[in-house]
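>>> just the structure for this:
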Amino acid sequence: MLVLLLLGVSMAIVLPNIDRGLQDRQVRHSALGLAAAARELRSRAVADGVPQRLLLNLPQNSYFVARSTEIQLSPEIRFISVDGGESAERDQKSFYFFPNGSILGGEIVLADSAKSITYSIRFEALTGRVQVSRGEPS
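The predicted structure follows:
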């Protein structure tokens, strides 16, 4: 009886942590994918000498890389806030990457559906650096 009680208590502790870990992994994977796309656009702008654009489609929960490739975020992941960039059309934001290595600066925050796990992707305007960090945006 004692063994079953201990198993029940340990399962009650462990299972929620496993679920939270899986949610964290999904949000982190989406944030890292978006950051990788941004870094690739920056590299392409420098190499080709032509400005590149990352377009966020907030209502569709997706983003476009190089105008033709749409990447859909998982239904459990949402854009929470988008600071900086340039307003394109209604509910869309653009971030430009220039041939000199600079970026139209700003910050994109992604979160799970409960908004308990957030990751921010920050674009530094002058240096062109793309950073991903866990937690609330600064």
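
>>> so how far is Arg67 from the residue most central in space within the chain?
Geometric centre of the chain, nearest residue: Ala31, 2.9 Å, by C-alpha atoms, centre = their mean. Distance, Ala31 to Arg67, by C-beta to C-beta, to the nearest Å: 22 Å. No exception for glycine: its C-beta is placed from N, CA and C like everyone else's.

>>> repeat that for Leu41.
If you go by C-beta to C-beta, the gap between Leu41 and Arg67 works out to 11 Å.

>>> ditto for Ser133
28 Å.

>>> which one's more surrounded, those two?
Ser133 (14 against 9; other C-beta atoms under 10 Å).

>>> could you report the neighbour count for Leu126?
Neighbour number of Leu126 under other C-beta under 10 Å is 10.

>>> leaving out chain neighbours, which residue sits closest to it?
Among residues not flanking Leu126 along the chain, Ser102 sits closest, at 5.7 Å (C-beta to C-beta, 6 or more residues apart in numbering).

>>> which residues does that neighbour contact?
Ala125, Leu126, Thr127, Gly128 (C-beta atoms under 8 Å, 6 or more residues apart in numbering).

>>> neighbour-wise, give me the winner out of the residues you listed.
Going by other C-beta under 10 Å, Gly128 tops the contacts of Ser102 with 20 neighbours.

>>> that one in helix, strand or coil?
Judged by DSSP: H, G, I helix; E, B strand; the rest coil, the three-state class of Gly128 is coil.

>>> list the contacts for it?
With the criterion set at C-beta under 8 Å, 6+ apart, Gly128 makes contact with Arg42, Phe97, Gly101, Ser102, Ile103.

>>> from the residues you listed, which ones fall inside strands?
Among the contacts of Gly128, the ones falling in strands (DSSP state E) are Phe97.

>>> got a quick ChimeraX command for the buried subset of the contacts of Gly128?
With 16 or more other C-beta atoms under 10 Å as the criterion, this ChimeraX line picks the buried residues out of the contacts of Gly128:
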select :42,97,102,103
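
>>> okay if I get the contacts of Gly128 as a markdown table plus pLDDT?
Below are the contacts of Gly128 laid out as a markdown table (pLDDT from 0 to 100):
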| residue | pLDDT |
| --- | --- |
| Arg42 | 94 |
| Phe97 | 93 |
| Gly101 | 90 |
| Ser102 | 91 |
| Ile103 | 91 |
